[in-house]
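In: Fold the following and give me the result.
(one chain, ligands or ions: 1)
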Amino acid sequence: MTSRSVTEPLEAAVLTALSRVIDPEIRRPVTELDMIGGVTVADGAAHVDLKLTIVGCPAADRIERDVRAAAASVDGVTAVSVDVSVMTREERDALTARLRGGRPREHQFGPDSLTKVFAVTSGKGGVGKSTLTANLAVSLAAKGLAVGLVDADVFGFSIPGILGIEGAVPTRVGELILPPVAHGVKVVSIGMFLPQPAPGAPRNTAVSWRGPMLHRTVQQFLTDVWFGDLDVLLLDLPPGTGDVAISVGQLLPQAQVLVVTTPQTAAAEVAERSGIAARQTGQTVIGVVENMAGLPQADGTVLELFGSGGGEELARRLDVPVLASVPLSVDLRRGGDTGAPVVLTTPDDPAAVAIDALADTLATRARGLAGRHLAMRINP
Ligand SMILES: Nc1ncnc2c1ncn2[C@@H]1O[C@H](COP(=O)(O)OP(=O)(O)OP(=O)(O)O)[C@@H](O)[C@H]1O
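Out: Model (predicted):
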């Protein structure tokens, strides 16, 4: 028979070990999320009550496995049993209220948010905006920043594929939507909310929503998707000057805008329009990113497939700097096709190096001030 004086320290030790088990979606220890209903240890046999946030939690197996392993790792524990149940409605509501930090249901990146917000736009499609945004997010996360990525490119949502989470669906906990995490980045995409195609069938759902619907979707992303405290939020906007750009301008006036273009000088004019549209909605255009710049050849020459000078030309027109020039890169393209971002797989690829340097530039930039409440005191 085991006395309490022996089991209590063991129970405390098991709880300490469980505090290292992280919910993969919420990214907080299960002990902080009230997912551990109780721990008992009798004669070396630990019993853990594990309460999942929802029925059919996609991370259930992993959490249970991690809980078992953590409990078993404690000296003196010889056997582990786990009783898995699901939180009651009240428990879930208490959790979502706590995750919101007691704040009412409003969008998380309001005027007082400390998160830096960068919106990436382009004049036309196919210039590599999504590929750059995804790699930029991964690079920032690899530097240890808490990063969220909103794929607001409703007509060409490609971020989940580029990040290797095609088909991932967010988990709902009460009214909160938990974004899937890819390579350390919390990702939400319009594509995650469309009907899933049958296994093996191509996704051919075209999104043809009108302005108000798009606005509500962007607003819902910013309100109901639980990002937690982010250092950086990136938005992949659709190309051009459409409804989403206007909504983002209204909802996130502090967003700092990057305009992506190719080196083709003819592309500068159309890209300039999206920069001007961002300014008209009160946002700050902070710079140009030139993509698909010259590809260095083995003989030392540079293959300028899309010409040169487009980035400089656009920067001159918008009166902002060129923040990066990213060369054509087979590895960057391949990484996008396979869901393995080049900044992680081949960090010394010249395109990865350029994106990483851009990430450094953004990481050290101050937050945008547009729309922010400034604390001002007027001395008498
Ligand atoms: N620097 C680069 N070198 C080689 N290929 C690239 C480069 N940048 C992007 N690509 C490739 O170009 C194609 C278009 O890229 P991407 O989908 O990112 O463009 P986009 O501007 O986001 O387009 P849309 O807005 O239409 O979705 C992709 O196949 C991508 O892998």
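In: only C-alpha atoms for contact and neighbour calcs from this point on.
Out: OK.
In: which non-adjacent residue is nearest residue 350?
Out: residue 327 (6.8 Å; C-alpha to C-alpha, 6 or more residues apart in numbering).
In: hey, what's that neighbour bridged with?
Out: Judged by DSSP bridges, the bridge partners of residue 327 are residue 293.
In: And the pLDDT for it?
Out: Residue 327 carries a pLDDT value of 94.
In: show me what contacts it?
Out: If a contact means C-alpha atoms under 8 Å, 6 or more residues apart in numbering, then residue 327 has 291-295, 350-351 as its contacts.
In: how many other residues sit next to residue 315?
Out: 22 (other C-alpha atoms under 10 Å).
In: repeat for the one 10 residues further on
Out: The local packing count at residue 325 equals 23, with neighbours defined by other C-alpha under 10 Å.
In: And residue 288, which helix or strand is it part of?
Out: strand 284-293 (DSSP states H and E).
In: is that strand anywhere near the ligand?
Out: Yes. On the criterion C-alpha under 6 Å from any ligand atom, strand 284-293 is in touch with the ligand at 291-292.
In: What helices and strands are in contact with whichever helix or strand comes after that strand?
Out: The C-terminal neighbour of strand 284-293 among helices and strands, as given by DSSP H and E, is strand 295-296. Counting contacts by 3 or more C-alpha pairs under 8 Å, 6 or more residues apart in numbering; DSSP states H and E, strand 295-296 is packed against strand 302-303.
In: related to what we said a few turns ago, please enumerate residues in contact with the strand holding residue 288?
Out: Counting by C-alpha under 8 Å, 6+ apart, 127-128, 254-263, 275, 278-279, 304-308, 310-311, 314-315, 320-329, 368, 370 sit against strand 284-293.
In: again with stretch 65-75
Out: Counting by C-alpha under 8 Å, 6+ apart, 10, 13-15, 17-18, 20-21, 46, 77-82 sit against stretch 65-75.
In: Go through these and flag which are in helices.
Out: Among the contacts of stretch 65-75, the members found in helices (DSSP state H) are 10, 13-15, 17-18.
In: which of those count as buried?
Out: Buried members of the ones in helices among the contacts of stretch 65-75, counted by 16 or more other C-alpha atoms under 10 Å: 10, 13-15, 17-18.
In: returning to that earlier point: check the contacts of strand 284-293 against the ligand, which are close?
Out: Answer for these near the ligand (C-alpha under 6 Å from any ligand atom): 127-128, 326-329.
In: can you give me the angle the helix or strand hosting residue 324 makes with strand 284-293?
Out: Using DSSP H and E, residue 324 sits in strand 322-327. Strand 322-327 and strand 284-293 are oriented at 20 degrees to each other (axes from the mean of the first three to the mean of the last three C-alpha atoms, to 10 degrees).
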